[in-house]
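Peer 1: below is the sequence, then the predicted model.
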Amino acid sequence: MEYDAVVVGSGPAGSVTARFAAESGAKVLIIERRQEVGVPVLCGEGISKQVDDFKVLKGRRWIANNMDGARIFSPDGTMVKLAAEMAGNETGYVLYRDIFDQELARGAIRAGAELMLNTCAVNLLKENDKIKGVKARHFDEEIDIKADVVVGADGVESKVGRWAGMKTTLKPSDLEICAQYTLTNVDVEREYCDFYLGKKIAPGGYVWIFPKGNDVANVGIGILASLSKPGLATSLLDKFISSHPELKKGEPVRFLAGAVSVSEPYESVRDNLLLVGDAARQVDPITGGGLMASIEAGKIAGETIGRAVEMEKFDKEMLSAYEKAVEAAFYKKLKRNYMVKEIMLGFEDKTLNMLADSLKDVKFDEISTFGLVKALVSKHPSLLMKLRPLIKAARV
Amino acid sequence: MGKPKAIVERELCLACGGCISVCPQDAITMIARKASVNKENCIGCEICIKTCPVAAICWEGN
């Protein structure tokens, strides 16, 4: 089997990369170790409406619900409402993530990419140290897939990068581990995604409630791995649900675990190889959201592969055009948000309560950064010291 | 007696991949959609055991 590019993983990053590579004329194969694209879902299922700008999805079957904004609850229950009118990017969709992934894969296939299910990459194919493709297992059969470019779109546990000698191992303080239910029979008919903060609620992370329409919600938790104990994510989530009247009557129709990096982005390019999406740590370290980054990076990666095929040049220098373009597109934001995450991890619950109390009546749509800081500090002057590093980070 | 090793209880594992991403020894691999510890490489650091959101990893023999 010979291709221009073999993409390991059929998540959003892999499918979008494959689509744009195929559209620019490359012969592309996606391999997926699971038997169904998008299943099991490993996600909170929220995405910004900016996804529409990329025009990579047909129809609306993947949308469960429209969201007008977010509500953030501090440890003592003080609510800060971020409404739609504040900033376009606060509005979003709650997804059926399995359908979402399958629609993206369909886009890749329509563009000419091939997809092989039940096919697990087990190593890189090398000749004299040069990457020549991947070795994979398809049921009991070992197969060699030759390709000029190997794309590691193999998610948070990416092995492709490690096989190429990249140090992609995460520190436990740079990993959020998640558990989530799809609950039915809950009382959450509203247009807001809710986030709950607090050391006792979700150490180093948050609990989310994303309404999926009618009496269904995706309710989950992310906690920092460095603050975790065996099974803590699940037990804290159960505790949260049983103490919330609107959720208590709910019954799960699905239970899932997940993991997402909250690190700085890593190197993503070698000769004949690139990483994209969670594998390249292209995830917002504050929210743990990675869908938009995966789609944006996938488009750039696919187009870069197209040009590489055209020029018949696949070395690091050529593929670095991808890394440079994603850096320019959103790494600055990821790096800034990583600093913010590190600072916020040091905040006591008391500080978060003060912050929420200062922000709860602020009209976000009409306030400047200076006005925001003034509102924060005039109510709780001691916040100034705590926020100084944050304000510094925001300037970077 | 050597250091204790981590082991995955396959029926509990939900294949989230968290343990694999933090293993400093690259000793964990997804095999047939479940995480699996390669005992040769495991140094018993306990990171994966603490990380697992569903308590599917424990010390071998326990």
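Peer 2: The structure has been received and is ready for your questions.
Peer 1: show me the shaky parts of chain B.
Peer 2: B:1 (pLDDT under 70).
Peer 1: mind listing the helices for it?
Peer 2: Using DSSP state H, the helices assigned to chain B run over residues B:18-22, B:47-51.
Peer 1: touching, A:G112 and A:A22? I think so.
Peer 2: Yes. Counting by CB atoms under 8 Å, A:A22 is a contact partner of A:G112 at 4.1 Å. C-beta: built from backbone N, CA, C; applies to glycine.
Peer 1: just want to know which of these two has more residues nearby.
Peer 2: It is A:A22, of A:G112 and A:A22, that has more neighbours when counted by other CB atoms under 10 Å in any protein chain shown, with 27 against 15.
Peer 1: quick check: the gap between the more buried one and chain B.
Peer 2: According to CB to the nearest CB, to the nearest Å, A:A22 stands 27 Å off from chain B.
Peer 1: element containing that residue?
Peer 2: helix A:12-23 (DSSP states H and E).
Peer 1: ok, A:D238 next?
Peer 2: Using DSSP H and E, A:D238 falls in helix A:232-242.
Peer 1: burial count for residue 60?
Peer 2: No chain specified, so I'll use chain A. Neighbours around A:R60, by other CB under 10 Å: 8.
Peer 1: my bad, the chain I had in mind was chain B
Peer 2: So B:E60, with other CB under 10 Å, has 12 neighbours.
Peer 1: contacting residues for it?
Peer 2: Contact partners of B:E60, counting by CB atoms under 8 Å, 6 or more residues apart in numbering or on different chains, are B:4-7, B:39.
Peer 1: run the last query once more with 7 Å
Peer 2: Neighbouring residues of B:E60 by CB atoms under 7 Å, 6 or more residues apart in numbering or on different chains: B:4-5, B:7.
Peer 1: I'd like those residues laid out as CSV, including neighbour count and distance to chain A.
Peer 2: CSV is the format used below for the contacts of B:E60 (neighbours: other CB atoms under 10 Å in any protein chain shown; distance: CB to the nearest CB, whole Å):
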residue, neighbour count, distance to chain A
B:P4, 15, 14
B:K5, 17, 15
B:I7, 18, 13
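Peer 1: adding distance to A:E45, write these out as a markdown table.
Peer 2: Output for the contacts of B:E60, formatted as a markdown table (distance: CB to CB, whole Å):
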| residue | distance to A:E45 |
| --- | --- |
| B:P4 | 38 |
| B:K5 | 36 |
| B:I7 | 32 |
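Peer 1: closest one of the residues you listed to A:D194?
Peer 2: B:I7 (37.5 Å; CB to CB).
Peer 1: now the closest residue to that closest one other than its chain neighbours: phi and psi?
Peer 2: Excluding its sequence neighbours, the residue lying closest to B:I7 (CB to CB, 6 or more residues apart in numbering or on different chains) is B:E60, at 4.3 Å. In terms of degrees, to the nearest 10, the main-chain angles of B:E60 are phi -60, psi 140.
Peer 1: and for A:V340?
Peer 2: phi -60, psi -40.
Peer 1: where's it relative to chain B, distance?
Peer 2: Distance of A:V340 to chain B, computed by CB to the nearest CB: 22 Å.
Peer 1: before we move on, what about A:E127?
Peer 2: Applying CB to the nearest CB to A:E127 and chain B gives a distance of 23 Å.
Peer 1: and the next helix or strand past the strand or helix carrying A:S378?
Peer 2: Assigning secondary structure by DSSP H and E places A:S378 in helix A:369-379. For helix A:369-379, the succeeding helix or strand toward the C-terminus, using DSSP H and E, is helix A:383-395.
Peer 1: quick one: buried residues of that next one?
Peer 2: Buried positions in helix A:383-395, judged by neighbour count with 16 or more other CB atoms under 10 Å in any protein chain shown: A:383, A:386-387, A:390, A:393.
Peer 1: from these, which is closest to A:M67?
Peer 2: Taking CB to CB as the measure, A:M67 sits nearest to A:L390 out of the buried residues of helix A:383-395, at 25.8 Å.
Peer 1: thought A:I343 was touching that closest one, still the case?
Peer 2: Yes. With contact defined as CB atoms under 7 Å, A:L390 counts as touching A:I343 (5.4 Å).
Peer 1: ok, the closest residue to A:T168 other than its chain neighbours - contacts?
Peer 2: Spatially, and ignoring its direct neighbours in sequence, A:T168 is nearest to A:G161 (4.2 Å; CB to CB, 6+ apart). The contact partners of A:G161, by CB under 7 Å, 6+ apart, come to A:152, A:168, A:275, A:279.
Peer 1: will you turn those into CSV that also has pLDDT?
Peer 2: Shown next, in CSV, are the contacts of A:G161 (pLDDT from 0 to 100):
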residue, pLDDT
A:G152, 98
A:T168, 92
A:L275, 98
A:A279, 97
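Peer 1: on that earlier part again, now tell me what touches the helix holding A:A22 from outside.
Peer 2: For helix A:12-23, the external contacting residues (CB under 7 Å, 6+ apart) are A:5, A:7, A:28, A:30, A:56, A:101, A:104-105, A:107-108, A:111-113, A:151, A:153, A:276-278, A:291, A:294-295, A:297-299, A:301-303, A:305-306.
Peer 1: go again using 8 Å as the cut-off
Peer 2: Contacts for helix A:12-23 (CB under 8 Å, 6+ apart): A:4-5, A:7-8, A:28, A:30, A:32, A:37, A:54, A:56, A:100-101, A:104-105, A:107-108, A:111-113, A:151, A:153-154, A:276-279, A:282, A:291, A:294-295, A:297-299, A:301-303, A:305-306, A:309.
Peer 1: okay, now A:G46: neighbour count?
Peer 2: The criterion is other CB under 10 Å. On that basis, A:G46 has 20 neighbouring residues.
Peer 1: state the distance from it to A:E189.
Peer 2: A:G46 sits 17 Å away from A:E189, taking CB to CB, to the nearest Å as the criterion.
Peer 1: the helix holding A:S378 to helix A:383-395, inter-axis angle?
Peer 2: 160 degrees (axes from the mean of the first three to the mean of the last three CA atoms, to 10 degrees).
Peer 1: show me the strands in chain B, by range?
Peer 2: Along chain B, counting by DSSP state E, strands occupy B:6-8, B:28-31, B:34-37, B:57-59.
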